[in-house]
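no sequence for this one, just the structure:
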């Protein structure tokens with residue numbers, strides 16, 4: 001009886017000991033697994049939020065680039081001036097179209113992604129219309145529907161009546177108002193862009209899993225484009241649906257939350273919302289949380305299984321097993337924590353994206369840069385981690401006021417976008433359209449910055465070519481009136497204390513009889529010969545311009561310019577007095593030259609040009625073919 005009671009007691013003690021060991025093991029397991037679960041979940045949330053934010057911002061900034069292109073076309077001075085003349089009734093629509101259409105076509109043709117353009121006057125008259133696509137269906141759609149596109153905001157248009165379209169059949173229209181120098185509206189430019197460039201960005205979003213969905217939504221859902229995520233080699237298919245077909249309620253679109261959580265068919269999804277500027281459209285990315293945390297759950301299950309086995313084995317050999325298992329689990333937890341940190345950093349920077357991306361700390365020390373950025377600055381095989389981002393910038397193009405503005409904007413809005421300049425290792429200057437986004441910790445402090453770069457070197461080259469063409473006299477190759485005024489104003493603004501500017505304003509004598517007698521072709525050839533003689537007489541630093549007709553202007557600058565200006569004016573009168581051989585003719589003309597000095601005769605560039613012009617007319621009244629200095633009394 002006693003042996004039986006002792007056996008029962010031993011079994012009770014053993015059972016209680018086992019239960020106690022299991023309880024201790026469970027408590028120990030929970031104290032290890034729960035913090036690990038929470039910590040890794042936080043890291044994964046931050047990783048995917050940063051990745052989705054980066055891809056959403058890539059689409060966002062692509063649209064901002066389209067707006068910038070449209071604004072640049074609307075601000076072209078010479079073509080805009082023709083539109084002003086049309087609105088004032090000084091030229092007719094046919095004249096305005098003949099001047100504007102070829103120039104706008106040449107400029108737009110070299111602009112990427114543009115498939116059509118439309119310029120309207122203030123009265124709605126078509127001043128210019130072009131279609132730049134070889135696709136028959138798209139061409140027919142643009143030719144029949146372009147004039148019906150909205151002019152008040154950005155809009156998306158499918159090129160077919162089908163419920164499904166491809167990227168090449170989905171267009172984005174970007175309007176830009178055209179204003180005169182007083183800010184009055186004189187017309188509207190409308191550019192239609194292809195959305196094919198968004199294909200690579202849509203492919204990157206597949207990293208969220210097979211259940212990831214991308215929507216482009218207008219307003220509260222009255223029109224929706226559902227972008228089906230393709231394989232890398234497949235064509236993106238876009239479904240045209242309404243808000244009632246969305247897998248989430250449209251109320252979340254106006255809730256003001258950037259990443260709301262919704263349930264679709266019983267599964268939770270995270271939404272990432274980004275508004276499209278100057279429109280009522282927004283981008284929505286829906287990612288299934290089950291796929292986001294799949295690897296995370298698997299890791300937790302595996303760790304729990306190891307802990308359970310360790311507990312069972314610990315009952316058999318407590319002193320031999322529990323301590324090593326706890327040590328192993330601690331090391332495993334540390335390894336998982338480190339791995340999650342590395343995944344967080346690696347996930348925010350997509351190494352194979354076509355856009356250059358850099359991650360820095362809040363002090364701009366580089367933590368990670370992708371291959372696109374290293375190629376951009378020529379440092380593919382060089383270490384960059386730990387470098388300061390400002391060491392790669394052109395500091396002279398980064399004033400302290402701009403630095404302060406960027407810092408304030410990031411603190412208030414978490415994003416900044418603008419133009420910054422960098423210098424490659426081979427010395428090249430690289431203009432970049434740069435977007436900066438912040439990553440904050442749980443206390444709301446900025447801990448990291450994501451920098452996305454778009455190289456706009458070719459865009460700058462194109463802008464400069466267009467600007468130079470607009471400021472050049474097409475007959476002589478000299479600077480025209482616009483270029484003369486701009487160059488003279490720049491020289492006045494940058495003039496050193498000991499320097500003087502001289503303007504020589506000359507008008508050809510007896511040029512009108514040449515035109516009347518021999519025709520404009522001979523007259524044009526004579527003007528080209530005059531321009532060549534003037535260039536032979538001046539220095540490379542001097543500015544020679546033809547503001548119009550038979551008038552020419554020479555601008556000199558230097559510390560002792562009076563004597564040289566007077567001598568050059570007399571040399572011009574002498575040289576232009578020599579006969580010109582034009583075809584089989586020997587033509588004699590002369591020149592009357594007026595000279596004015598800054599600041600002696602004028603306080604502004606415009607006044608200086610006017611004083612030289614008045615002195616030239618004084619020279620004509622004095623008998624022509626001579627030089628006259630401006631009157632200091634004004």
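Happy to help now that I have it. Since the structure is predicted, the reported quantities are computational estimates derived from the model, not experimental observations.

Please enumerate the strands of the stretch 401-550 of the chain.
415-423, 429-440, 446-455, 500-509, 543-548 (DSSP state E, counting those that start in this stretch).

Name the residues that touch the first one?
Under the contact criterion CB atoms under 8 Å, 6 or more residues apart in numbering, strand 415-423 has outside partners 57, 61, 64, 376-377, 392-394, 397-398, 402, 406, 409-410, 429-438, 453, 456. In short, each C-beta sits where N, CA and C put it, glycine included.

Flag every buried residue along it.
Neighbour-count burial for strand 415-423 flags 415, 416, 417, 420, 421, 422, 423 (criterion: 16 or more other CB atoms under 10 Å).

tell me the mean pLDDT over stretch 103-111?
The pLDDT scores in stretch 103-111 average 78.

mind listing what's buried in it?
103, 104, 107, 108, 111.

Against residue 488, how distant is residue 606?
Applying CB to CB, to the nearest Å, one obtains 8 Å for the distance of residue 606 from residue 488.

ok, these two, which is more surrounded?
residue 488 (24 against 13; other CB atoms under 10 Å).

shaky segments in the stretch 401-550 of the chain?
The model of the stretch 401-550 of the chain has pLDDT under 70 over residues 463-464, 466-468.

residue contacts, residue 547?
480, 481, 484, 553.

measure residue 304 to residue 298 for me?
According to CB to CB, residue 304 stands 11 Å off from residue 298.

Those two: who's more crowded?
Taking other CB under 10 Å, residue 304 and residue 298 do not tie; residue 304 has more neighbours (15 against 10).

per-residue pLDDT, the more buried one?
The predicted structure lists residue 304 with a pLDDT of 70.

ok, it to residue 289 distance?
20 Å.

just the buried members of the contacts of strand 415-423?
By the neighbour-count criterion of 16+ other CB under 10 Å, these include these buried positions: 57, 61, 64, 376-377, 392-393, 406, 410, 430-438, 453, 456.

still on that earlier bit, wait, which of the strands of the stretch 401-550 of the chain is closest to residue 93?
Comparing the strands of the stretch 401-550 of the chain by their distance to residue 93 (CB to CB), the top pick is strand 543-548, with 24.8 Å.

Can you point out the buried residues in the closest one?
Along strand 543-548, these residues count as buried under the neighbour rule (16+ other CB under 10 Å): 543, 544, 545, 546, 547.

could you give the angle of it to strand 500-509?
Per axes from the mean of the first three to the mean of the last three CA atoms, to 10 degrees, the angle that strand 543-548 makes with strand 500-509 is 40 degrees.

mind checking how far strand 543-548 is from the chain centre?
35 Å (CA atoms, centre = their mean, to the nearest Å).

what do you get for stretch 270-286?
The mean C-alpha position of stretch 270-286 is separated from the chain mean by 19 Å, CA atoms, centre = their mean.

can you tell me the average pLDDT over it?
Mean predicted confidence for stretch 270-286 is 72.

Can you check the distance spanned by it, start to finish?
For stretch 270-286, the separation between the terminal residues is 6 Å (CA to CA, to the nearest Å).

The nearest residue to residue 432 once chain neighbours are set aside pairs with what?
Across the structure, with CB to CB, 6 or more residues apart in numbering as the measure, the residue nearest residue 432 apart from its sequence neighbours is residue 453 (4.5 Å). When bridges are taken as DSSP bridges, the partners of residue 453 come out as residue 356, residue 434.

Would you mind confirming that residue 594 is in contact with residue 619?
Yes. With the criterion set as CB atoms under 8 Å, residue 594 and residue 619 qualify as a contacting pair; they are 5.7 Å apart.

can you list residues touching both of these two?
Shared between the contact lists of residue 594 and residue 619 (criterion: CB under 8 Å, 6+ apart) are residues 627, 628.

Just say helix, strand or coil for residue 127.
In the three-state summary, residue 127 is assigned as strand, counting by DSSP: H, G, I helix; E, B strand; the rest coil.
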